[in-house]
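Peer 1: any chance you could fold what I've pasted below:
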Amino acid sequence: MNAFLSRHRHTAIAVLLAILTLAVFLPVTRHEFLNYDDGLYVAGNPHVLGGLHAQSLAWAFTTFRAVNWHPVTWISLMLDASVFGQKPFGFHLMNLILHIANVLLLFLLLNRLTGSLWRSTLVAALFAIHPLHVESVAWVAERKDVLSTLFWMLTMLAYVNYARKPSAGRYAAVLVLYALGLMAKPMLVSLPLVLLMLDYWPLGRFAAKKKDSNRRLLYEKLPLFLLAAGSCIITFIAQRSYGAVASLHHIPAGLRVANALVSYVVYIGKTILPVKLSAFYPHPHSVPVWETALSAIVLALVTVLVVRAAGRRPYLAVGWLWYVVTLIPVIGLVQVGAQAMADRYTYVPLIGLFIMVAWSVKANGRKGERENWRHGAPRSPSLPLAHSPILTVAAFALIAVLSSLARIQTGYWQDSETLFRHALSVTKGNYLAHDNLGVALYNQGRLGEAADHFSKAVALDPDYADTQANLGTVLMQMGRTDEAARHLKIALRLDNNLADAHNSFGILLVEQGKPADAIKHYREALRIDPDNADTYFNIACAFAELGKLDDAVKNYSEALRLRPDDAGAHTNLGIVLMRMGQVRKAIGELEEAARLDPGNADAKHNLRNALAALTRSRGGSSIR
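Peer 2: Numbering: from 1, shown residues only. Modelled structure (predicted):
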């Protein structure tokens, strides 16, 4: 039995890692879509929900939706819709499968690089179940995170093969995998620098007295740096065009630097003690000077220490620089969004810290992994972790505690109300959590509670246009039209590119008997978001009220193209067709409405009238 386990221990460890990850994250397959970007990516995106086909594929490569260019991410979500349908289950399941794949690839990569079986296992296990990684796995909109990391791991494995035996074909594989990763999420721009770190340790490709050889390693990465530069340019254009990049006026450079320095240290703190995790951390209006100074000192001190120890303990320098460098694109120096930091940003960077911890275990006087590499395929060493009861118990206890915390954190992501109630319980001044909780309550018909949370969000940040629009919408539905109009006007003054605000203002104008004015706002909403079925429905109603029946038919048809199962749109389209004398077409629409919604009294009433009209046109009598 022992001989069998010895021969197959790599497979056994991989199976155990997969089981561990499943045990923590399997509940996500029962979770709902969230009102936090899931609608943008999947639930309200007809291109994704329609599955993968020629038109959706072309859209994936040409859209800047979600203020990014990541066609590979869109394609993966479209594949989910084609295979699993439109329910949340399939999208959550694929996120989990991708995370498990990343865990196993990380284990394979580290073991292949160093031959340190148990250290590689520990790093992979920590990566698998750390609570900071829950956000990347449990949130459908973060498909880009787990998918891009898959290509990160595959690129690194391809690079290891290339470093072992360089060839044009192997380098081409590195380029292709890296390009696919960038097209899943541009955060991979730091990968070429990480490959240079691996050249130092554990690959041992740097030569102390051969500058020409070392320069060659840099030149070797130039095509990768060019791909990264291209990705940065495209990403900046996408985010700037949608106004996602905060200006220096809104978040000054000094505040960005201060928040970045503090965030580096806070991330380390949350790695050690992963509690009070939130889906959103509000950006501070100011950072105390002492916090900034202390954070800068800590970062500088650690950097000096690991660099000085690099000759004897190269894994410390590589692990630390991995952590620091991979966080740079999302640390907030170029501020995208309103968050101070985000758990999802640690998905790849924490690997560096885990390496520092795992490889700090004393190696019983063994020669370094660099020598192992130079002598061919690394052998699996006998480490103290595998033989010391204290270290073994400590490792298992750490994994057990982190697994329990991650399982609890996973539960908070089950639905929008749970997620944002938790966010409010662990953060202060969280206007976005109030806003998203308000949306969740609004969708449940709890208008008073929703208005209360929208009001609290407005009080915390009156310049957040989305909340002003949401408060205006719910007040309108509560009959408080004057207040609603005031908040909607504020929202559009703050951000005239809010499609929902234009849509709500259009509804308000229709209720005030101004359908012509409403149409102007509906058209603006469609300019901003041309895939919104609700807006097509609303503008069609406005055209119908003005007697512009051809325009009404056109827009009801567009609404049904985007949302074919909308019984209300079928009903209204049938009524308009009746008014135009197109009775047969009207009957077809009304029959479809009755089929989709058997309780639709309006559809049934108008269907009877249409059938009666058809009978009269034939000269017969109708049955009532």
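
Peer 1: quick one: stretch 579-593 to chain centroid distance?
Peer 2: Distance of stretch 579-593 from the chain centroid (Cα atoms, centre = their mean, to the nearest Å) equals 42 Å.

Peer 1: pLDDT of that stretch, averaged?
Peer 2: In this model, stretch 579-593 carries a mean pLDDT of 91.

Peer 1: next one: stretch 331-346
Peer 2: On average, stretch 331-346 scores 87.

Peer 1: same check, this time on stretch 18-37
Peer 2: 97.

Peer 1: ok, stretch 492-510 next?
Peer 2: On average, stretch 492-510 scores 94.

Peer 1: so Pro282 sits right up against Asn430, yeah?
Peer 2: Yes. Counting by Cβ atoms under 8 Å, Pro282 does reach Asn430; the two are 5.5 Å apart. Bear in mind the C-beta positions are built from the backbone N, C-alpha and C, glycine included.

Peer 1: where's Leu292, which helix or strand?
Peer 2: Just so we're on the same page, residue 292 is Thr rather than Leu. Secondary structure assignment for Thr292, by DSSP states H and E: helix 289-308.

Peer 1: ok, residues contacting that helix?
Peer 2: For helix 289-308, contacts defined as Cβ atoms under 8 Å, 6 or more residues apart in numbering pick out 257-258, 261-262, 264-265, 313, 316-317, 319-321, 324.

Peer 1: got a pLDDT number for Leu385?
Peer 2: Per-residue confidence (pLDDT) for Leu385: 53.

Peer 1: circling back to that earlier point, buried residues in the helix holding Thr292, which are they?
Peer 2: Across helix 289-308, burial judged by 16 or more other Cβ atoms under 10 Å covers 291-292, 295-296, 299, 302, 306.

Peer 1: as JSON lines, these with distance to Arg119 and pLDDT would be great.
Peer 2: Formatted as JSON lines, the buried residues of helix 289-308 follow (distance: Cβ to Cβ, whole Å; pLDDT from 0 to 100):
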{"residue": "Glu291", "distance to Arg119": "34", "pLDDT": "96"}
{"residue": "Thr292", "distance to Arg119": "35", "pLDDT": "96"}
{"residue": "Ser295", "distance to Arg119": "29", "pLDDT": "97"}
{"residue": "Ala296", "distance to Arg119": "31", "pLDDT": "97"}
{"residue": "Leu299", "distance to Arg119": "25", "pLDDT": "97"}
{"residue": "Val302", "distance to Arg119": "21", "pLDDT": "97"}
{"residue": "Val306", "distance to Arg119": "17", "pLDDT": "96"}
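
Peer 1: can you tell me which of these comes closest to Met478?
Peer 2: Each of the buried residues of helix 289-308 was checked against Met478 using Cβ to Cβ; the closest is Glu291, at 42.7 Å.

Peer 1: what residues are up against the nearest residue to Ser76 once chain neighbours are set aside?
Peer 2: Spatial nearest neighbour of Ser76, chain neighbours left out: Leu147 (5.6 Å); criterion: Cβ to Cβ, 6 or more residues apart in numbering. In this structure, Leu147 makes contact with 72-73, 76, 98, 184-185, judged by Cβ under 8 Å, 6+ apart.

Peer 1: ramachandran angles for Gln339?
Peer 2: phi -80, psi 150 (degrees, to the nearest 10).

Peer 1: same check, this time on the one 3 residues further on
Peer 2: Here is the backbone geometry of Ala342 (degrees, to the nearest 10): phi -160, psi 140.

Peer 1: run through the residues that contact it.
Peer 2: 135, 280-281, 330.

Peer 1: I'd assumed Val334 was in a strand, is it?
Peer 2: No. Counting by DSSP: H, G, I helix; E, B strand; the rest coil, Val334 is not part of a strand but coil.

Peer 1: please report the distance of it from Met341.
Peer 2: Val334 sits 14 Å away from Met341, going by Cβ to Cβ, to the nearest Å.

Peer 1: the two: who's more crowded?
Peer 2: Using other Cβ atoms under 10 Å, the more surrounded residue of Val334 and Met341 is Met341, with 23 against 15.

Peer 1: using CSV, list the CA coordinates for stretch 88-103.
Peer 2: Extracted in CSV, the C-alpha atoms of stretch 88-103 (Å, rounded to 0.1, in the frame of the first residue of the first chain):
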residue,chain,number,x,y,z
PRO,A,88,-27.3,30.8,-12.5
PHE,A,89,-26.2,27.1,-11.8
GLY,A,90,-24.1,26.6,-14.9
PHE,A,91,-22.3,29.9,-14.6
HIS,A,92,-21.4,29.3,-11.0
LEU,A,93,-20.4,25.7,-11.7
MET,A,94,-18.0,26.8,-14.4
ASN,A,95,-16.4,29.4,-12.1
LEU,A,96,-15.8,26.6,-9.6
ILE,A,97,-14.4,24.2,-12.2
LEU,A,98,-12.0,26.9,-13.4
HIS,A,99,-10.9,27.6,-9.8
ILE,A,100,-10.2,23.9,-9.2
ALA,A,101,-8.2,23.8,-12.5
ASN,A,102,-6.2,26.8,-11.3
VAL,A,103,-5.4,25.0,-8.0
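
Peer 1: buried ones in that stretch?
Peer 2: The neighbour-count check on stretch 88-103 (16+ other Cβ under 10 Å) flags 88, 90-96, 98-103 as buried.

Peer 1: picking up where we left off before, CSV for the contacts of Leu147, including secondary structure?
Peer 2: As requested, these are exported to CSV (three-state DSSP):
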residue, secondary structure
Val72, helix
Thr73, helix
Ser76, helix
Leu98, helix
Ala184, coil
Lys185, coil
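
Peer 1: any regions of the protein where pLDDT drops low?
Peer 2: Residue ranges of the chain with pLDDT under 70: 1-7, 208-212, 241-249, 362-387, 617-624.

Peer 1: name the nearest residue to the residue nearest to the spatial centre of it, ignoring sequence neighbours.
Peer 2: Taking Cα atoms, centre = their mean, the centroid of the chain lies closest to Glu142, which sits 2.2 Å from it. Take Glu142 and drop its neighbours on the chain: the residue closest to it by Cβ to Cβ, 6+ apart is Ser136, 4.9 Å away.

Peer 1: ok, Glu524 next?
Peer 2: Closest residue to Glu524 apart from its sequence neighbours, by Cβ to Cβ, 6+ apart: His502 at 4.5 Å.
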